[in-house]
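Participant: Next come a sequence and a model predicted from it.
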Amino acid sequence: MSRIVGLLICLGTILAGAAFIAGIVLQWDKVAWALLVPVALVVAVVLLLGFWIGWIMAVTKIESPPEITDEKETKK
């Protein structure tokens, strides 16, 4: 389940980045570069962190906990 959530987080960050870039391209003539550059850097860092978290969730192998045995049975 966590792998699916991780992949969904990765997909969401990619889509958010694409929407951000599309917004810049569509408003190219109205872009205030003094605000765009720092905001774009912050958005990129946040999206990269989100993608990294999703990637870690997607590729981490979850190990099942060890079986609990009754001590009385093992002493016989």
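Facilitator: Perfect, thanks for sending it.
Participant: Any buried residues in the helix or strand harbouring residue 23, and which?
Facilitator: Using DSSP states H and E, residue 23 maps to helix 2-26. For helix 2-26, the neighbour count (16 or more other Cβ atoms under 10 Å) marks 6, 9-10, 13, 17 as buried. Any C-beta I mention is one placed from the backbone N, CA and C, and that applies to glycine too.
Participant: And the next helix or strand after it, what does it pack against?
Facilitator: Sequence order places helix 33-59 as the next helix or strand after helix 2-26, per DSSP H and E. In terms of contacts (3 or more Cβ pairs under 8 Å, 6 or more residues apart in numbering; DSSP states H and E), helix 33-59 is packed against helix 2-26.
Participant: and the angle for the helix holding residue 23 with helix 33-59?
Facilitator: Comparing the axes of helix 2-26 and helix 33-59 via axes from the mean of the first three to the mean of the last three Cα atoms, to 10 degrees yields an angle of 160 degrees.
Participant: What helices and strands are in contact with helix 2-26?
Facilitator: Packed on helix 2-26, when contacts are counted by 3+ Cβ pairs under 8 Å, 6+ apart, are helix 33-59.
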